[in-house]
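> model this:
(chains A and B)
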Amino acid sequence: MTDLYQSQRAMRQMRRQAMQRGVVAILDIGSSKIACLVLRFDGTGRLSEDNSIGSLAGQSGFRVIGAATTRSRGVQFGEITAMQETERAIRTAVQAAQKMAGVRVDHVIASFSGANPRSYGLDAQLELEGQEVSESEIARVLAACEVPEYGAGREVLHAQPVNFALDNRSGLEDPRGQLGQTLAVDMHMLTVDAATVQNLVRCIQRCDLELAGIASSAYASGYAALVEDEQELGAACIDMGGGSTSISVFMKKHMIYADAVRMGGDHITSDISMGLGVPMANAERIKTFCGGVHATGADDRDMIDIGGDTGDWEHDRRTVSRAELIGIMRPRVEEILEEVRTRLDAAGFEYLPSQQIVLTGGSSQILGLDGLASRILGQQVRLGRPLRVHGLPQSATGPGFAAAVGLSLFAANPQDEWWDFETPVDRYQGRTISRAVRWFRDNW
Amino acid sequence: MRALMGRLQRGDSRADPAPSRLKYRLQRWMLTPGIRFGLKFGVPLCLLLAAGGGFLADAGRRDLVVAQINAVRAAIEERPEFMVNVMAIDGAGASVAQDVREVVPLDFPISSFDLDLGQIRDQIEGLDPVKSAKVRIRPGGILQVDVEERAPALIWRSHEGLALLDETGAHVAELGQRGLHPDLPLIAGQAADQQAHEALQLIAAANPLGTRLRGLVRIGERRWDVVLDRGQRILLPADRPIPALERVIVVSEVQDLLERDVAVVDMRIAARPTIRMTENAVENWWRIRELNEGGL
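This is a model prediction of the structure:
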């Protein structure tokens, strides 16, 4: 754990370097596509005259100068299965984005959706040494959190302090400088399979890139697709990707739960492929152009050419009615949404004050999905698109790019993670000089 | 089966355009600012330098280039606009003009690029009769030399003979005969030319003496003697000689000192002017004294 703690710190340092250099790449490694955005940072975003947050929610500090997408290779369920293939795909995307941007990119912030994310809620309570809450007190209380046994071979991907409570007052964003006796913290921790992350890191290193940050795509797409009041009041973002569907629950602008269902659009496509006996590419095309989840009477008469490439005239001119297609797709979509419902129920989503659900991701573009989702997930369902950021090309504004856009927001102003706080004093082992320096800094 | 595989492979490569690792690295390399700058400016510069160096490495080609440059240069310099055809000398007499032409031996026509006007002026000013000279190239290809000659003010008689000096004592010309310049005063003695100014002042002061003045003699490079006709001399002190001379002239006007048979008026010590009489006068004086004594 300390190992990852250190490596996360190193990545944060790398991110700072990248910000200073002004160029950083965003890499969203999905099962169906790999998206790469090149961001240029030109100073921090300025607030408008009346100190309100501007039309871009204060995100005007960066600009997308390069964007590229490529078909993903060697990724299943959001996990790398064939490293060479994935490396080629990353190279393709990065090269195209660099070409568009006209600059060389060395630092990359990556996100992925798989690796069995699991959420843990942590809390700790501590008597303050002095009257005032200082940096070191916060470090101490964060260190005091009791970390559950999350199993060998797993690593902490996110660990964010969600809430601070001082004596009886809860819901503090930043307790520093306040007076009190008891400081309590609630922390959300997300663990993933270590091997998957290591594969990803290795893959990016093989492309001559430095990893400047790593995030779960559930977190990133929630960051991009949820509007501010949804993040504040409580909402779930369901990112329906190709190989997996990731769920993130936000409240008070913090992610409090994340999970992933290992089913997505690719499974719908393979259902169509199996059901109609067509190649995957055809099935994907049919799904994209004609797919849906609500059959009407007109759909019985709407015949779709499903084609084929066998040379057999009869076989290549088969047709299928749209109702049949919907009949194949709907059970799978229902299954995915049911699974999501189960995960949300397990997380206790129904106890949140607001139960807004936002569907995003490439598969959320299935016609009629919002109607079906509202039947399964509850009434407050909407389709979400990512926030608009400067310079993003029109082709990258669709819901499929929610994770990429969210990751660029994350790159521009990341939320505090556990490793951004000071290391508590008792964690320093034998480094007397740095302890002395710290003591001087704290006392003068 | 082979055809199917071929088609599969072809379809694969079309659907999966991925850069090779080398191509990817190369592109990243080309996007690095330093490399780009180097390729944009450094490589052409190196190529140019290498090409130039390679061309000039051979001595024959180097000579060819130098010859080419010289030919172009000569072609420009020898354009008629830059040619100087004649030398015009103003402000000098015939003999001085002849001298100037002798010291500046130019074969006209000559290009104005080959003329070093400063050196020509120094040469002309090195001539004795020339006080100053201005040299310039006038439009129309004329080398204009404006000479200001030295005006002779004194004649200096020395062991080498007679010489004309101007008012600063500078040598103007040799003089064959005294009669060529009867109007100029004469000075003599070693290093007399160095005190020409004082000599001129003395001559001006001796103006009342009129034609009796023969000249001035510099004695011991220190003081002046004024030489009059009938062998008379006025010995002047080394300092303040002019008041001493004026004093003698005043005394002479009142008491006809110089009309008498006096050989030397010695003014070297201002408090004790001395007169030396001629031998004849002394004998006369003795005789007259004897007569007077005998008569008494």
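> State the pLDDT value of A:Met263.
Confidence at A:Met263, expressed as pLDDT, is 91.
> what's around it, how many residues?
22 (other Cβ atoms under 10 Å in any protein chain shown). From N, CA and C alone the C-beta is placed, and that goes for glycine too.
> Give me the neighbour count for the closest residue to it other than its chain neighbours.
Nearest non-adjacent residue to A:Met263, counting by Cβ to Cβ, 6 or more residues apart in numbering or on different chains: A:Ile336, 4.9 Å away. When neighbours are defined as other Cβ under 10 Å, A:Ile336 has 24 of them.
> Pretty sure A:Ile336 sits in a helix.
Yes: secondary structure of A:Ile336 (DSSP: H, G, I helix; E, B strand; the rest coil): part of a helix.
> any idea whether the residue in the stretch 151-300 of chain A positioned nearest to chain B is helix, strand or coil?
Among all residues of the stretch 151-300 of chain A, A:Asp208 sits closest to chain B, at 6.6 Å; criterion: Cβ to the nearest Cβ. At A:Asp208 the chain is in coil, as set by three-state DSSP.
> now B:Ala151
B:Ala151 ends up coil, using three-state DSSP.
> Outline the domain layout of chain B.
For chain B, automatic domain parsing gives the domain ranges B:80-149, B:154-291.
> For the residue nearest to A:Met263, which residues are in contact?
Neighbouring residues of A:Ile336 by Cβ atoms under 8 Å, 6 or more residues apart in numbering or on different chains: A:Met240, A:Thr245, A:Val261, A:Met263, A:Gly264, A:His267.
> Before we move on, what's the pLDDT of it?
93.
> how much space between it and chain B?
Separation of A:Ile336 from chain B (Cβ to the nearest Cβ, to the nearest Å): 27 Å.
> in the stretch 251-400 of chain A, which spans are helices?
Using DSSP state H, counting those that start in this stretch, the helices assigned to the stretch 251-400 of chain A run over residues A:265-276, A:280-290, A:297-301, A:313-316, A:322-347, A:369-377.
> Would you pull up how far stretch B:161-178 lies from the middle of the chain?
19 Å (Cα atoms, centre = their mean, to the nearest Å).
> In its sheet, which strands sit next to whichever helix or strand B:Trp224 is part of, and in what direction?
B:Trp224 belongs to strand B:223-228 when elements are defined using DSSP states H and E. The pairing partners recorded for strand B:223-228 under DSSP bridges are strand B:213-219 (antiparallel), strand B:233-235 (antiparallel).
> highest average neighbour count across those?
strand B:233-235 (a mean of 22; mean count of other Cβ atoms under 10 Å in any protein chain shown).
> and the next element down the chain from it?
Once strand B:233-235 ends, the next helix or strand along the chain (criterion: DSSP H and E) is helix B:241-255.
> Looking at per-residue confidence, what score does the residue most central in space within chain A get?
Among the residues of chain A, the one closest to the centroid is A:Ser217, at 2.0 Å (Cα atoms, centre = their mean). Each residue has a pLDDT score; the one for A:Ser217 is 90.
> for A:Asn51, same thing?
53.
> which parts of chain A sit against chain B?
A:70-71, A:73, A:88-89, A:91-92, A:94-95, A:98-99, A:102-104, A:207-208 (Cβ under 8 Å from any Cβ of the partner chain).
> Roughly how far does the residue nearest to A:Met263 sit from A:Glu324?
20 Å (Cβ to Cβ, to the nearest Å).
> Helices along the stretch 1-150 of chain B, start to end?
Going by DSSP H, counting those that start in this stretch, the stretch 1-150 of chain B shows helices at B:2-15, B:21-31, B:33-37, B:43-56, B:59-77, B:94-103, B:117-125.
> Wait, A:Tyr257 touches A:Tyr120, no?
No: contact between A:Tyr257 and A:Tyr120 fails when scored by Cβ atoms under 8 Å: they sit 9.8 Å apart.
> rewinding a little: make a ChimeraX selection of the buried ones in the residues of chain A next to chain B.
The buried residues among these can be selected in ChimeraX (16 or more other Cβ atoms under 10 Å in any protein chain shown) with this line:
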select /A:70,73,88,89,91,92,94,95,98,103,104,207
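> Go through stretch A:101-117 and flag the buried ones.
Neighbour-count burial for stretch A:101-117 [16+ other Cβ under 10 Å]: A:101, A:103-117.
> Inside helices: which ones of these?
A:Ala101 (DSSP state H).
> of all the buried residues of stretch A:101-117, which comes closest to A:Trp444?
Closest approach to A:Trp444 among the buried residues of stretch A:101-117 (Cβ to Cβ): A:His107, at 35.4 Å.
> Could you double-check that the closest one lies in contact with A:Arg15?
Yes: A:His107 is in contact with A:Arg15 according to Cβ under 8 Å; the separation is 7.2 Å.
> quick one: common contacting residues for the two?
Contacts common to A:His107 and A:Arg15, judged by Cβ under 8 Å, 6+ apart, are A:Val24, A:Ala212.
> what about the residue nearest to A:Gly400 when sequence neighbours are not counted, how many neighbours?
Nearest residue to A:Gly400, sequence neighbours excluded (Cβ to Cβ, 6+ apart): A:Gly362, at 3.6 Å. A:Gly362 has 22 neighbours, counted by other Cβ under 10 Å.
> hang on, A:Gly362 packs against A:Ala35?
No: applying Cβ under 8 Å as the test, A:Gly362 and A:Ala35 come out as separate, 10.4 Å apart.
> Pull up the overlap in contacts between those two.
Residues touching both A:Gly362 and A:Ala35 (Cβ under 8 Å, 6+ apart): A:Gly400.
> Next SSE downstream of the helix or strand encompassing A:Gln160?
Element membership of A:Gln160, judged by DSSP H and E, is strand A:154-166. Proceeding N to C from strand A:154-166, the next assigned helix or strand is strand A:169-172, under DSSP H and E.
> That following strand - contacts with which helices or strands?
strand A:154-166 (3 or more Cβ pairs under 8 Å, 6 or more residues apart in numbering or on different chains; DSSP states H and E).
> Who are the contact partners of A:Ser72?
A:Ile29, A:Gly30, A:Ser31, A:Ser32, A:Lys33, A:Ile34, A:Thr86, A:Ala89, A:Gly242.
> what would those residues look like in JSON lines with pLDDT and secondary structure?
Output for the contacts of A:Ser72, formatted as JSON lines (pLDDT from 0 to 100; DSSP: H, G, I helix; E, B strand; the rest coil):
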{"residue": "A:Ile29", "pLDDT": "92", "secondary structure": "strand"}
{"residue": "A:Gly30", "pLDDT": "89", "secondary structure": "coil"}
{"residue": "A:Ser31", "pLDDT": "90", "secondary structure": "coil"}
{"residue": "A:Ser32", "pLDDT": "89", "secondary structure": "coil"}
{"residue": "A:Lys33", "pLDDT": "90", "secondary structure": "strand"}
{"residue": "A:Ile34", "pLDDT": "92", "secondary structure": "strand"}
{"residue": "A:Thr86", "pLDDT": "91", "secondary structure": "helix"}
{"residue": "A:Ala89", "pLDDT": "91", "secondary structure": "helix"}
{"residue": "A:Gly242", "pLDDT": "87", "secondary structure": "coil"}
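> And those, which two are furthest apart?
Across the contacts of A:Ser72 (Cβ to Cβ), the longest gap, 13.7 Å, separates A:Thr86 and A:Gly242.
> Name the residues that touch stretch B:135-152?
Contact partners of stretch B:135-152, identified using Cβ under 8 Å, 6+ apart, comprise B:80, B:83-93, B:96-97, B:100, B:104, B:106, B:109, B:112, B:115, B:117, B:120-121, B:124, B:128-134, B:164-167, B:170, B:172-173, B:181, B:184.
> CA-only coordinates of that stretch in CSV, if you can.
Taking C-alpha atoms only, stretch B:135-152 is exported to CSV below (Å, rounded to 0.1, in the frame of the first residue of the first chain):
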residue,chain,number,x,y,z
VAL,B,135,43.5,66.8,-52.3
ARG,B,136,40.1,65.7,-53.5
ILE,B,137,38.6,64.1,-56.6
ARG,B,138,36.3,66.4,-58.4
PRO,B,139,33.4,65.2,-60.6
GLY,B,140,34.5,64.7,-64.1
GLY,B,141,37.6,62.6,-63.2
ILE,B,142,39.9,65.4,-62.0
LEU,B,143,42.3,65.0,-59.1
GLN,B,144,42.2,68.5,-57.6
VAL,B,145,45.1,69.6,-55.5
ASP,B,146,44.8,73.0,-53.8
VAL,B,147,48.3,74.0,-52.6
GLU,B,148,49.1,76.9,-50.3
GLU,B,149,52.7,77.9,-50.8
ARG,B,150,55.0,79.1,-48.1
ALA,B,151,55.8,82.9,-48.5
PRO,B,152,59.6,83.5,-48.0
